[in-house]
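Chemist: quick one, fold the following:
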Amino acid sequence: MSNRDFPVGAPLPDWTPPPAPDFTRLEGRTVRLERLDPDAHGAGLFDAYRAAADAGDWAYLPYGPFDDRATFDPWLVGMAAKSDPRFYTICVADSGAPRGLLSLMRIAPEAGSIEVGHIHFAPELQGTAGATEAIWLCMNWVFSAGYRRFEWKCDALNARSRNAAARFGFTYEGTFRQAGIVKGRNRDTAWFAIIDRDWPALAYAYRRWLSPENFDSDGRQRQSLRDLTAPIVSEADTDSIN
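Modeler: Residues are numbered from 1 along each chain as shown. Here you go, the predicted model:
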């Protein structure tokens with residue numbers, strides 16, 4: 001019996017594994033990503049996170065909230081030392097003020113797969129064009145580097161994260177039940193992804209949305225990113241079923 005008797009995936013004769021993330025900075029119009037530096041970013045991040053009205057933003061993260069610098073700073077140093085997840089600080093472009101964190105993780109160049117995670121926007125960044133641009137900067141680097149798959153995962157009960165994944169153009173792929181235990185509680189994990197064949201249309205949608213012409217003089221969007229990405233996600237959903 002030969003392999004021709006079994007269905008197998010498409011061959012990838014020209015596939016070359018992409019590099020692991022090695023950049024220290026990505027520049028955007030409203031924000032930039034800088035490799036996490038506890039000395040440079042620690043005080044600003046702590047103050048930015050303290051501006052939250054409550055500790056709800058930490059609810060689905062496996063750490064935090066932090067009551068003081070004495071607990072926050074060692075955690076930040078530990079995260080900065082890791083290569084996977086590799087942490088980046090989201091800084092305001094004009095002032096350089098730190099306003100959030102994210103990481104690239106589960107880095108698997110041999111499979112062309114990588115995940116964005118540990119996303120935590122400070123209140124000042126939430127709901128802004130800069131928050132979206134931070135995800136775009138990661139996404140654009142990932143696919144420009146040659147990755148085939150960009151993942152987003154979250155607690156299945158985290159409605160804000162699930163809605164964000166859909167808005168950003170990720171396709172829901174299913175839920176892993178009892179996938180982990182976080183802070184002593186069960187976690188079911190919802191999986192989302194963008195693959196390379198989705199990327200050209202999504203890149204065009206992001207460039208349209210991020211264009212200065214898409215915002216009025218008060219900074220309000222004229223066309224929503226969800227409206228631009230929804231047809232792409234719907235098509236991907238259909239393809240995954242066929």
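
Chemist: in the chain, where is pLDDT below threshold?
Modeler: Applying pLDDT under 70 to the chain flags the ranges 1-4, 234-242.

Chemist: who is the spatially most central residue of it paired with across the strands?
Modeler: Closest residue to the average C-alpha location of the chain: residue 116 at 3.8 Å, with C-alpha atoms, centre = their mean. Residue 116 has the following beta-bridge partners by DSSP bridges: residue 104, residue 152.

Chemist: wouldn't it be in contact with residue 103 here?
Modeler: Yes: Residue 116 lies in contact with residue 103 (C-beta atoms under 8 Å); the separation is 7.2 Å. Just so you know, the C-beta spots here come from the backbone N, C-alpha and C atoms, and that holds for glycine as well.

Chemist: sorry, back to before: how close does the residue nearest to the centre of the chain sit to residue 139?
Modeler: 8 Å (C-beta to C-beta, to the nearest Å).

Chemist: and for residue 69?
Modeler: 32 Å.

Chemist: more neighbours, those two?
Modeler: Shown here are residue 69 and residue 139; by other C-beta atoms under 10 Å, residue 139 has more neighbours (21 against 13).

Chemist: assign a three-state SS to the residue nearest to the more buried one when sequence neighbours are not counted, would you?
Modeler: Nearest non-adjacent residue to residue 139, counting by C-beta to C-beta, 6 or more residues apart in numbering: residue 150, 6.0 Å away. Secondary structure assignment for residue 150 (DSSP: H, G, I helix; E, B strand; the rest coil): strand.

Chemist: what residues are up against residue 150?
Modeler: 113-116, 139, 142-143, 170, 193-195 (C-beta atoms under 8 Å, 6 or more residues apart in numbering).

Chemist: kindly indicate which of the residues you listed lies nearest residue 208.
Modeler: Lowest distance from residue 208 to these (C-beta to C-beta) belongs to residue 139, with 14.8 Å.

Chemist: from residue 46, how far off is the closest one?
Modeler: Counting by C-beta to C-beta, the gap from residue 139 to residue 46 is 28 Å.

Chemist: again, but for residue 54
Modeler: 16 Å.

Chemist: the two: who's more crowded?
Modeler: Between residue 54 and residue 46, counting by other C-beta under 10 Å, residue 46 is the more crowded of the two (17 against 8).

Chemist: name the helix or strand for that one, please.
Modeler: helix 38-50 (DSSP states H and E).

Chemist: could I get the phi/psi values of residue 169?
Modeler: phi 100, psi 10 (degrees, to the nearest 10).

Chemist: what is the burial count for it?
Modeler: So residue 169, with other C-beta under 10 Å, has 28 neighbours.

Chemist: contacts only, for it.
Modeler: Counted by C-beta under 8 Å, 6+ apart, residue 169 has contacts 194, 198, 202, 205-206, 225, 229, 232-233.
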